[in-house]
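S.K.: Here is a sequence together with a model predicted from it:
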Amino acid sequence: MRYLTPPPGFKDYLPKEVEKIRLVEDTIRKVSESFGYREVITPTLEYADVIQLGTNTKDDTILYKVIDRDGALLSIRPEFTTSIARLVTTRYKGERGPLRFYYIGKVFRNIPFQPLMQKEFTQGGAELIGESSLFGDIEIISLIEEIFERLNLPIHIEVSHAKIIPAIIEITGPSILEAIKNGDFVSIKSYINDKNILSFVEELPFLSGGKEVIKEVQGYVKYIPGLEEPLKQLSTFISNLENLGYKRTKINLGVVRDFEYYTGITFEGYVEGLGLPVVGGGRYDGLLERFGVPLPATGFAIGIERVASRISKEESEPDLVIGYTEEKFREAMSLAQEKRKEGLKIETILCLKEEELKDRRGRSKIFLC
Amino acid sequence: MLALALPSGRMLDDCVKLFESAGIYFPKEILESRRLSGTSGDLNFLVCKPKDVPIYVEYGTADIGVVGKDVLLEGNPQVYELYDLGIGRCKIVVAIPNDAKPEELFSKDDIIRVATKYPKIAREFFNKKGISIEILNLSGSIELAPVTGIADVIVDIVSTGRTLRENNLKVWEEIAISSARLIANRASLHIKAEEIKTVLKRLKETRQPQ
């Protein structure tokens, strides 16, 4: 035995934190169901090939891997989207959708340890499969806004489009990709010769706001023709959301999502006081095709512990604490039984004196002696 | 209100000058006492070890920060790198003893031992070159290592080259050029975009592009 504490990147959650986590989960569950989504549970372990095919990442060091009895290489899921894509292509073969699924569960990533970045954490999210129109993307954002509205936590959702970076790369070549992914807007300069493209790329992290942002950058379309379609989509998208009264979502062309499978609208959400995104997602129309079923799809995932760390909730306590002496055991138990039937939370404690109850948590206390 | 993390030591003086010429004034308590934090105008200033600046920014305790590119290359933090402030210029180099012949040094059968404060940068550089090395992770006075024979070569930053010369070392190859960068927390850049833009604009107007 090395240590009694959990390994770095893993942690114990005590009741106070668990209550917040469950509140976030319940909210995701209720809101998703109110939009017609139904819950699925996928296995914790998948064939490593499946995960690899889904995430298509060259760097598989973040995957935890185990060998099965038959020698097959399995991987613990680092996210759910790939598993749900696999599930749909096998269990809903021939369906054209739309299918609406949500999930809540643990994911595992073998990342270098840093505080705030747990190796094991809970994701809750929804996937809308078989809906190719922008209305699908709008539904997903509405769903997220409703969840955070109900949690009373102001969310800032930043929307971009997965085709913007490829449009730039088409002109500049792939050398800028690494810098953009790292958020390095300084060394990008050395890769770009064209002044117009450079000024667009340099502005990227600051191109945020409502519809007006699209107008602001429209002039660049003549230098980067690939921008036309994504900008058109973003414009329609943001106008629709504004009309529906969803006010927490802005365009931000600087958002670059890590996952390679995105093909359309992508987004990240932030809350005050936390330097990392609490929700992310987007459209991934090519992913299901990798598993042999060409269905469009869009979805999101919320980092549940991160959200839980930002909400305030009073810790729950028993409605009634019953202290009893040995002689009063029966009386105490039948009182407790009766009260529990009324739906109250009752804790019973064997003690000698009433003072022993003094420091116990409880809305009210009685002592039977 | 924005929180700004700044590196202590040599670079802090350059920061004070640069920010003052941009009309951003440091709080008195930082300039005149040993206080590590203070407020001036709409900015909360935090002074920490250069290596720790990206940590404060990554976790959002500071919204923006000033840090050398060398620190960013070594740590690869998840932050936005917004602007080259031009101060704190130096080079990250491989230096070898004056009397050493590189072709002999790097072709010998033994594994080369590299003393450095930048193990990641050093490892990546030699990996790319296909040279097998062993890292000796020191925290300062790296130039001492080849002199004493504890290491064969060093990877370190140089600005004037004086320390190298006075310890009988010479530059073999440059790995990268470093200077101070303005970095931003990912969430802050979204939530406090306007405030960050204002600071950036002032700094950009001050500094002549090179």
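M.R.: On my side now, so go ahead. Numbers count the residues shown, from 1 in each chain, chains lettered A, B, ... in the order given.

S.K.: Quick check: chain neighbours aside, which residue is closest to B:Glu195?
M.R.: B:Leu2 (5.0 Å; C-beta to C-beta, 6 or more residues apart in numbering or on different chains). In short, each C-beta sits where N, CA and C put it, glycine included.

S.K.: Can you give me the neighbour number for the one you found?
M.R.: Residues lying near B:Leu2 (other C-beta atoms under 10 Å in any protein chain shown) number 18.

S.K.: how far away is it from B:Ile191?
M.R.: 11 Å (C-beta to C-beta, to the nearest Å).

S.K.: Please apply the same query to A:Val255.
M.R.: A:Val255 is 13 Å from B:Ile191, by C-beta to C-beta.

S.K.: Now do the same contact list for residue 98.
M.R.: You didn't say which chain, so I picked chain A. A:Leu128, A:Ile129, A:Gly130, A:Glu131, A:Gly136 (C-beta atoms under 8 Å, 6 or more residues apart in numbering or on different chains).

S.K.: Chain B was what I was after
M.R.: B:Asn98 neighbours (C-beta under 8 Å, 6+ apart): B:Asn168, B:Leu169, B:Lys170.

S.K.: Over to A:Ile366?
M.R.: A:Leu320, A:Val321, A:Ile322, A:Gly323 are the contacts of A:Ile366 under C-beta under 8 Å, 6+ apart.

S.K.: Widest-spaced pair of those?
M.R.: Pairwise distances across the contacts of A:Ile366 (C-beta to C-beta) peak at 10.5 Å, for the pair A:Leu320 and A:Gly323.

S.K.: can you list residues touching both of those two?
M.R.: A:Lys365, A:Ile366.

S.K.: Can you confirm whether the strand ranked longest in chain B lies near chain A?
M.R.: In chain B, taking DSSP state E as the definition, the longest strand is strand B:169-178. No - interface with chain A: strand B:169-178 contributes nothing (C-beta under 8 Å from any C-beta of the partner chain), its closest point being 9.8 Å away.

S.K.: Report the buried residues of the host helix or strand of A:Val201.
M.R.: Per DSSP states H and E, A:Val201 falls inside helix A:195-203. Of all the residues in helix A:195-203, those buried under the rule 16 or more other C-beta atoms under 10 Å in any protein chain shown are A:Ile197, A:Phe200, A:Val201, A:Glu202.

S.K.: thinking again about what came up before, could you check which of A:Leu320 and A:Gly323 has the larger neighbour count?
M.R.: In terms of neighbours (other C-beta under 10 Å), A:Gly323 is the more surrounded of A:Leu320 and A:Gly323; the figures are 24 against 18.

S.K.: for the more buried one, phi and psi?
M.R.: phi -90, psi 140 (degrees, to the nearest 10).

S.K.: sorry, back to before: got the buried residues for the longest strand of chain B?
M.R.: B:Leu169, B:Trp172, B:Ile175, B:Ala176, B:Ser178.

S.K.: Could you do stretch B:196-210 as well?
M.R.: Here stretch B:196-210 shows B:Ile196, B:Val199, B:Leu200, B:Leu203, B:Thr206, B:Arg207 as buried, counting by 16+ other C-beta under 10 Å.

S.K.: Likewise for stretch B:145-159?
M.R.: Quick answer for stretch B:145-159 (16+ other C-beta under 10 Å): B:Ala145, B:Pro146, B:Ala151, B:Asp152, B:Val153, B:Ile154, B:Val155, B:Asp156, B:Ile157, B:Val158.

S.K.: Specify the local secondary structure of residue 5.
M.R.: The chain I'm using is chain A. With DSSP: H, G, I helix; E, B strand; the rest coil as the basis, A:Thr5 sits in coil.

S.K.: You answered for a different chain; I wanted chain B.
M.R.: strand.

S.K.: Tell me how far it lies from B:Gly60.
M.R.: Taking C-beta to C-beta, one finds B:Ala5 at 11 Å from B:Gly60.

S.K.: Does anything pack onto the helix ranked longest in chain B? Which helices or strands?
M.R.: Taking DSSP state H as the criterion, chain B has its longest helix at helix B:193-206. Here helix B:193-206 touches strand B:2-7, helix B:10-21, strand B:80-84, strand B:180-184, going by 3 or more C-beta pairs under 8 Å, 6 or more residues apart in numbering or on different chains; DSSP states H and E.

S.K.: possible to save the ones you listed as a markdown table with distance to A:Gly94?
M.R.: Below are the helices and strands packed on helix B:193-206 laid out as a markdown table (distance: least, C-beta to C-beta, whole Å):
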| stretch | distance to A:Gly94 |
| --- | --- |
| strand B:2-7 | 55 |
| helix B:10-21 | 64 |
| strand B:80-84 | 45 |
| strand B:180-184 | 48 |
